[in-house]
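Novice: Structure, please.
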Amino acid sequence: MADFIKGLELNELFYNEVVASILKSYFPDLRYSAALIGWGSDVLGYDDAQSADHNWGVRFQLFLSEQDSEKYRKPINDALDEQLPSEFRGHPIAFQIAVNEDQRGVAVSDKHNIDVETVTEFFNRYLGCNPFGEIRAADWLTFSEHKLLAVTSGKVFCDGLEELEPIRQKFSYYPKDVWLYMLTAQWIKIFEAQAFIGRCGYVGDELGSTVIAARQVKNLMRLCFLIERKYAPYSKWFGTAFLQLDCAQELSPIFTQALQATEWKERQEFLAKAYETVARMHNALKITIPLKEKAAEYAGRKYLVVGDERFAEELRKALTSEEVKNIRHSLGSINQFIDSDDQLNNLFLCKKLRELYV
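Specialist: You can find the predicted model right below:
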């Protein structure tokens, strides 16, 4: 059994030690780019030995120019089929990509997993857009955030086309006004449920209070990604990625204590600390006037909240884009109100939802 090696490292070695020499020998004048981006835990750097049981291995994308694609795609695949070894560092070159998550085990096939395509084809297929065209607010707000992370993560092994790195920079994070709009929506989500933790507890519903607290923790974590301008991955890696944020060292223990609390008053005390911390983080951005950071009782009741609606109100004032100002709701991006990874991975659905923002 081969020793485990991180997928990005494995595939960069595979490109440099095997594929690059084949391409140089057969197509010495060909300009291309090579990278591992898109789907897969290896792209995010989260792969481990268990990842190797399915959809993991020797694979990457080989990008051709639009003018060379038709001429060279088949000859390149033929050359790779002929010249690639059967294994690299103990891992099979040809293996079957599982159709669904229930399939386990690496099934050997007769096809390598080097995807030969153009940059436009990849982005149309994976993100649903022309990467060289204008990306409007409605597009940004209906992209899967996990996919945005995936196309800007991974690694470019070679960018002979000089297209891939500029495009990855273009998608590196949301434009400012889209970001401000998403911050507005996230503060609204947090404010609307702050008092419910105490209200449920007051009537003896500790389970309901705990459920709302868990939702608030998730909402606060997503707000932290926004404040630190980092894309959030889908649910499997959401907590792992959160721990890499600058604020995680302070907030992670508070969130854990809030979730482990067995009584609502204790639970809301921990969440109040979290609200105050995130309010302080907001003020440090200096994108609005300084706003109150200290938790206080809600409407004379002993339910601790921070911020009332001023965070959202002041963020709206900071908007300058008419396109964003004209959005008739504060739902935020689809990632902020759809809680299904499968739906967010559905390009047809994401494109249909653009109608919400125009």
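Novice: At which residues are the strands of the stretch 101-250 of the chain located?
Specialist: Using DSSP state E, counting those that start in this stretch, the strands of the stretch 101-250 of the chain run over residues 108-112, 114-118, 155-159.
Novice: just checking, what packs against the last one?
Specialist: Think strand 155-159. If you count contacts as 3 or more CB pairs under 8 Å, 6 or more residues apart in numbering; DSSP states H and E, strand 155-159 packs onto helix 7-14, strand 32-36, helix 164-170. Bear in mind the C-beta positions are built from the backbone N, C-alpha and C, glycine included.
Novice: Return the set of buried residues in the strand or helix carrying residue 278.
Specialist: Under the criterion of DSSP states H and E, residue 278 resides in helix 264-285. Buried residues in helix 264-285, counted by 16 or more other CB atoms under 10 Å: 264, 267-279, 281-283.
Novice: Which residues does the following helix or strand past it contact?
Specialist: Remark: after helix 264-285, the chain's next helix or strand is strand 296-298, criterion DSSP H and E. Residues from elsewhere that reach strand 296-298, judged by CB atoms under 8 Å, 6 or more residues apart in numbering: 194-195, 198, 303-306.
Novice: CA atoms of stretch 278-287 as CSV?
Specialist: Output of stretch 278-287 as CSV, limited to C-alpha atoms (Å, rounded to 0.1, in the frame of the first residue of the first chain):
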residue,chain,number,x,y,z
VAL,A,278,-17.9,40.0,16.5
ALA,A,279,-19.2,43.6,17.0
ARG,A,280,-15.7,44.7,17.9
MET,A,281,-14.4,42.9,14.8
HIS,A,282,-16.9,44.9,12.7
ASN,A,283,-15.9,48.2,14.2
ALA,A,284,-12.2,47.4,13.5
LEU,A,285,-13.1,47.3,9.8
LYS,A,286,-14.0,51.0,9.9
ILE,A,287,-16.6,50.6,7.2
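Novice: I'd like the average pLDDT over it.
Specialist: Stretch 278-287 carries an average pLDDT of 98.
Novice: Repeat that for stretch 48-67.
Specialist: Stretch 48-67 comes out at a mean pLDDT of 93.
Novice: Would you mind writing the CA trace of it as CSV?
Specialist: C-alpha atoms of stretch 48-67 as CSV (Å, rounded to 0.1, in the frame of the first residue of the first chain):
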residue,chain,number,x,y,z
ASP,A,48,-5.8,12.7,4.6
ALA,A,49,-5.3,9.0,4.3
GLN,A,50,-9.1,8.4,4.5
SER,A,51,-9.6,10.6,1.5
ALA,A,52,-7.8,8.1,-0.7
ASP,A,53,-10.7,5.7,-0.5
HIS,A,54,-12.6,7.5,-3.3
ASN,A,55,-12.3,10.4,-5.7
TRP,A,56,-8.7,11.0,-4.8
GLY,A,57,-5.5,10.3,-6.7
VAL,A,58,-3.4,11.3,-9.6
ARG,A,59,-5.4,14.0,-11.5
PHE,A,60,-5.3,17.6,-12.6
GLN,A,61,-6.5,19.9,-15.3
LEU,A,62,-4.5,20.7,-18.5
PHE,A,63,-5.7,23.9,-20.1
LEU,A,64,-5.3,24.7,-23.8
SER,A,65,-5.9,27.9,-25.6
GLU,A,66,-9.2,28.3,-27.5
GLN,A,67,-7.3,28.2,-30.8
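Novice: Report the buried residues of it.
Specialist: Buried residues in stretch 48-67, counted by 16+ other CB under 10 Å: 51-52, 54-65.
Novice: Tell me which of these fall in strands.
Specialist: Among the buried residues of stretch 48-67, the members falling in strands (DSSP state E) are 60-64.
Novice: How about residue 270: what's its closest non-neighbour residue?
Specialist: In this structure, residue 270 finds its nearest non-sequential neighbour in residue 258, 3.8 Å apart by CB to CB, 6 or more residues apart in numbering.
Novice: now swap in residue 241 and tell me
Specialist: In space, residue 241 is closest to residue 233, 5.1 Å off (CB to CB, 6+ apart).
Novice: ok, that neighbour - contacts?
Specialist: Counting by CB under 8 Å, 6+ apart, residue 233 touches 44, 145-146, 149, 240-241.
Novice: how about the nearest residue to residue 347, chain neighbours excluded?
Specialist: residue 128 is the one closest to residue 347 (CB to CB, 6+ apart), at 4.5 Å.
Novice: Tell me, how many residues neighbour the one you found?
Specialist: If you count neighbours by other CB atoms under 10 Å, residue 128 ends up with 17.
Novice: before we move on, what about residue 322?
Specialist: Using other CB under 10 Å, residue 322 is surrounded by 9 other residues.
Novice: With the one 10 residues further on instead?
Specialist: Around residue 332 sit 22 other residues, with neighbours defined as other CB under 10 Å.
Novice: Likewise for the one 5 residues further on?
Specialist: Neighbour count for residue 337, taken as other CB under 10 Å: 13.
Novice: Then residue 170?
Specialist: When neighbours are counted by other CB under 10 Å, residue 170 comes out with 11.
Novice: Next, the contact list for it, please.
Specialist: So residue 170 contacts 131, 135 (CB under 8 Å, 6+ apart).
Novice: per-residue pLDDT, it?
Specialist: 98.
Novice: my read: residue 156 touches residue 43, true?
Specialist: No: Residue 156 is beyond contact range of residue 43, at 11.8 Å (criterion: CB atoms under 8 Å).
Novice: which one of the two has more residues nearby?
Specialist: residue 43 (23 against 17).
Novice: Would you confirm that that one contacts residue 37?
Specialist: Yes: counting by CB under 8 Å, residue 37 is a contact partner of residue 43 at 6.0 Å.
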